[in-house]
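In: next come a sequence and a model predicted from it.
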Amino acid sequence: MKIAVLPGDGIGPEITEQAMRVLTALAGDGLSVEMETAPVGGAGYDSAGDPLPEATLRLCEQADGILFGAVGGPKYDTLPRAKRPEQGLLRLRKHFDLFANLRPAIVYPELAHASTLKDEVVAGLDLLILRELTGDIYFGQPRGVRTNENGEREGFDTMRYTEGEIRRIARLAFETARKRQRRVCSVDKANVLETTQFWRDVVTDAHQEFRDVELTHMYVDNAAMQLVRNPKQFDVIVTGNMFGDILSDEASMLTGSIGMLPSASLNARNFGMYEPIHGSAPDIAGKDVANPLATILSAAMLLRHSLGQEAAAQRVEGAVRKVLAQGFRTADIAEPGKRTVGTREMGDAVLAAL
Ligand code: NAD
Ligand code: IPM
Ligand code: MN
């Protein structure tokens with residue numbers, strides 16, 4: 001099996017290296033994975049003048065799955081939009097039609113104290129945010145900056161969803177909930193936005209085929225509040241691209257750190273790109289302090305969803321649980337004053353646990 005590894009920028013290369021070591025270790029155990037790396041994001045721009053170089057896209061097309069680090073950085077923030085690192089990521093999502101973004105927020109018992117919320121609020125949390133990833137205001141046209149009829153400049157983006165786009169993510173939410181606690185909360189802003197009233201109507205209609213699953217609706221502002229008030233009320237949250245982006249960063253802090261949240265971005269044939277939900281963390285890049293666990297857990301999701309290697313996925317997740325139980329902590333999940341390990345040392349610990 002062939003995996004395209006796109007380390008990207010900032011901490012991207014440091015964290016993907018640890019995930020590659022884990023996959024290599026599994027390969028030694030009879031699983032045959034071949035990994036090839038290619039530049040993306042700022043690294044793509046630097047080497048080929050494009051955040052998604054043609055050769056990188058070809059490599060991804062020939063692969064069984066993509067492992068993605070993170071892209072972006074202050075160095076690239078003034079480039080024209082099409083050349084910015086983030087476009088590499090957005091183009092990959094669109095190219096492979098990766099409409100379903102699974103962002104599981106699971107609180108490991110050992111890390112309940114690492115959350116900024118009280119232990120009892122987060123202990124035992126197992127929440128899945130299902131974020132629609134190829135529509136919404138992220139991709140809607142028209143967009144831009146223009147001079148309006150009053151001669152004043154104005155910026156505009158367009159929030160848009162087709163019925164088909166909403167229906168396929170809603171169906172997946174219900175199907176996924178069937179394997180969990182059978183509860184779906186659809187998050188929208190139907191009280192204000194036409195697009196999201198339409199979202200609510202289509203989700204409600206799609207629910208007809210899934211009457212065994214409970215469906216509730218919540219406005220996004222309330223959802224943001226409920227996530228910190230009582231996150232365990234949720235099983236599956238299904239929402240659009242923009243709200244899902246924001247709510248998943250918020251949910252990551254329930255787990256202790258944004259460095260703990262993996263993700264899978266899948267298309268209809270389960271081809272996928274796997275990445276931590278965090279960014280390139282320019283503030284800590286190159287210092288060997290970033291938490292690699294979100295990326296290692298993303299590799300586990302790759303094994304599960306794209307390679308059909310459930311046992312190997314569970315081995316990796318088990319190893320992560322073990323290192324946390326053993327007390328290994330990167331700085332982001334450490335208790336004040338306690339010993340911390342670096343990125344590579346955390347990778348060593350996971351390898352040893354494997
Ligand atoms: P960020 O997620 O990179 O960082 C936010 C904060 O979380 C920082 O303090 C950072 O140090 C910390 N953090 C993130 N990952 C961590 C880890 N693994 N271990 C420990 N701490 C971690 O978000 P930002 O600062 O808003 O964005 C920085 C750059 O990343 C921007 O260019 C942005 O566009 C890009 N970005 C990329 C992705 C992606 O590639 N998927 C996602 C989000 C942001
Ligand atoms: C994420 C990131 C991306 C997004 C950016 C970098 C385009 O924040 O993966 O959550 O907004 O989807
Ligand atoms: Mn984000």
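Out: Everything's here; your move. Ligands and ions are numbered 1, 2, ... in the order given.

In: list the beta-bridge partners for the nearest residue to residue 301 once chain neighbours are set aside.
Out: Among residues not flanking residue 301 along the chain, residue 264 sits closest, at 4.3 Å (Cβ to Cβ, 6 or more residues apart in numbering). C-beta: built from backbone N, CA, C; applies to glycine. Per DSSP bridges, the residues bridged to residue 264 are residue 102, residue 274.

In: I figured residue 264 was touching residue 102, is that so?
Out: Yes: at 4.6 Å, residue 264 counts as touching residue 102 under the criterion of Cβ atoms under 8 Å.

In: what's the helix or strand for the residue lying closest to residue 52 once chain neighbours are set aside?
Out: Leaving aside its chain neighbours, residue 52 sits nearest to residue 88 (4.1 Å; criterion: Cβ to Cβ, 6+ apart). Here residue 88 sits within helix 85-95, counting by DSSP states H and E.

In: residue 105 - how many residues pack around it?
Out: Neighbour count for residue 105, taken as other Cβ atoms under 10 Å: 25.

In: quick one: secondary structure of it?
Out: When classified by DSSP: H, G, I helix; E, B strand; the rest coil, residue 105 comes out as strand.

In: which parts of the stretch 201-350 of the chain are strands?
Out: For the stretch 201-350 of the chain, the strands defined by DSSP state E, counting those that start in this stretch cover 214-219, 236-239, 264-266, 272-274.

In: pipe those strands into JSON lines and attach mean pLDDT per row.
Out: Compiled in JSON lines, the strands of the stretch 201-350 of the chain are given as follows (pLDDT from 0 to 100):
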{"stretch": "strand 214-219", "mean pLDDT": "98"}
{"stretch": "strand 236-239", "mean pLDDT": "98"}
{"stretch": "strand 264-266", "mean pLDDT": "98"}
{"stretch": "strand 272-274", "mean pLDDT": "98"}
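
In: distance to ligand 2 and mean neighbour count added to these, as TSV?
Out: Shown next, in TSV, are the strands of the stretch 201-350 of the chain (distance: least, Cβ to the nearest ligand atom, whole Å; neighbours: other Cβ atoms under 10 Å):
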stretch	distance to ligand 2	mean neighbour count
strand 214-219	21	16
strand 236-239	13	28
strand 264-266	9	25
strand 272-274	10	27
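
In: keeping just the C-alphas, turn stretch 341-348 into PDB.
Out: Listed next in PDB are the C-alpha coordinates belonging to stretch 341-348 (Å, rounded to 0.1, in the frame of the first residue of the first chain):
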ATOM      1  CA  VAL A 341       9.200  15.200  26.500                       C
ATOM      2  CA  GLY A 342       9.900  16.600  23.100                       C
ATOM      3  CA  THR A 343       8.300  15.700  19.800                       C
ATOM      4  CA  ARG A 344      10.800  13.000  18.900                       C
ATOM      5  CA  GLU A 345      10.900  11.600  22.400                       C
ATOM      6  CA  MET A 346       7.100  11.200  22.300                       C
ATOM      7  CA  GLY A 347       7.600   9.400  19.000                       C
ATOM      8  CA  ASP A 348      10.100   7.100  20.700                       C
END
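
In: so is that stretch next to ligand 1?
Out: No: Stretch 341-348 does not reach ligand 1 (Cβ under 6 Å from any ligand atom); its nearest approach is 8.1 Å.

In: buried residues in that stretch?
Out: Neighbour-count burial for stretch 341-348, counted by 16 or more other Cβ atoms under 10 Å, picks out 341, 342, 343, 346, 347, 348.

In: wait, the first one touches residue 330, no?
Out: Which is residue 341. Yes: the pair residue 341 / residue 330 is scored as a contact, 6.2 Å apart, by Cβ under 8 Å.

In: which one of the buried residues of stretch 341-348 is nearest ligand 2?
Out: The shortest gap between ligand 2 and any of these belongs to residue 343, at 19.9 Å (Cβ to the nearest ligand atom).

In: show me what contacts that closest one?
Out: 11, 14, 15, 18, 288, 289, 290, 291, 292, 330 (Cβ atoms under 8 Å, 6 or more residues apart in numbering).
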